[in-house]
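S.K.: predicted model and sequence follow; I will ask about them next.
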Amino acid sequence: MKKQFKKNCVSIKRFNDFNVWISVMIQEGGELNNLKKGGDKVAIYVGDDPIIKIPGIAFPSFENAIEEIIDKSPLHDKKNGKNAIEILFNGLYLGIRVWSENNYNSQLLHFKISFPLLKKLREVGETKFQIIFQQEILKGYTTSTVKVKQFLEQNGYLKLIRDFF
């Protein structure tokens, strides 16, 4: 599905909605929430808020994001002459779709994406997201790699669940 429309003064070339909350978009250059003007970006939105932007802090380049997120995914398909932005967009779309269809299991999506999305989803007011968020933080901290544990500690996720235990 290809659509053209404006959002936050950025031209959206293509987007996919997963449910009423999450969408992935390719945004053509321009200003994106006070970032410097520049080239295309891939953004993952919850509602009207861009939660993950690539390139951005978590993933400084499309190549870095593809290496960390897409290349390690069993769902990855780099063929058909697609450029980096299309590979990333399609990989994120498929990955987030699988993640959401499997009850937001943080082991099915890169931790730099799954935890920020769950954090924002818990704010939509549905109790299920608060419960899933807490469970995924605990599961991530007890069973994941050192990188995931450090991410959870450094970004304050453990503080968010202390009140509940």
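M.R.: Yep, that arrived. Note that the coordinates shown come from a computational prediction; the quantities given were computed from them, not determined experimentally. Numbers count the residues shown, from 1 in each chain.
S.K.: please count neighbours and contacts with C-alpha atoms only from this point.
M.R.: Will do.
S.K.: quick one: the helix or strand hosting residue 100 to chain centroid distance?
M.R.: In the assignment (DSSP states H and E), residue 100 maps to helix 84-101. In terms of Cα atoms, centre = their mean, to the nearest Å, the gap separating the centre of helix 84-101 from the centre of its chain is 9 Å.
S.K.: helices or strands next to that helix in the packing?
M.R.: Helix 84-101 sits against strand 22-30, strand 41-46, helix 62-65, with contacts defined as 3 or more Cα pairs under 8 Å, 6 or more residues apart in numbering; DSSP states H and E.
S.K.: the residue nearest the centre of the chain and residue 84: what is the separation?
M.R.: For the chain, the residue sitting closest to the mean C-alpha position, by Cα atoms, centre = their mean, is residue 113 at 3.7 Å. Spatial separation of residue 113 from residue 84 under the definition Cα to Cα, to the nearest Å is 18 Å.
S.K.: ok, now residue 25?
M.R.: Residue 25 sits 14 Å away from residue 84, going by Cα to Cα.
S.K.: these two - which one has more neighbours?
M.R.: Using other Cα atoms under 10 Å as the criterion, residue 25 and residue 84 rank with residue 25 on top: 22 against 15.
S.K.: and the more buried one, what's its pLDDT?
M.R.: In this prediction, residue 25 carries a pLDDT score of 87.
S.K.: so it makes contact with residue 89?
M.R.: Yes: under the criterion of Cα atoms under 8 Å, residue 25 makes contact with residue 89 at 7.4 Å.
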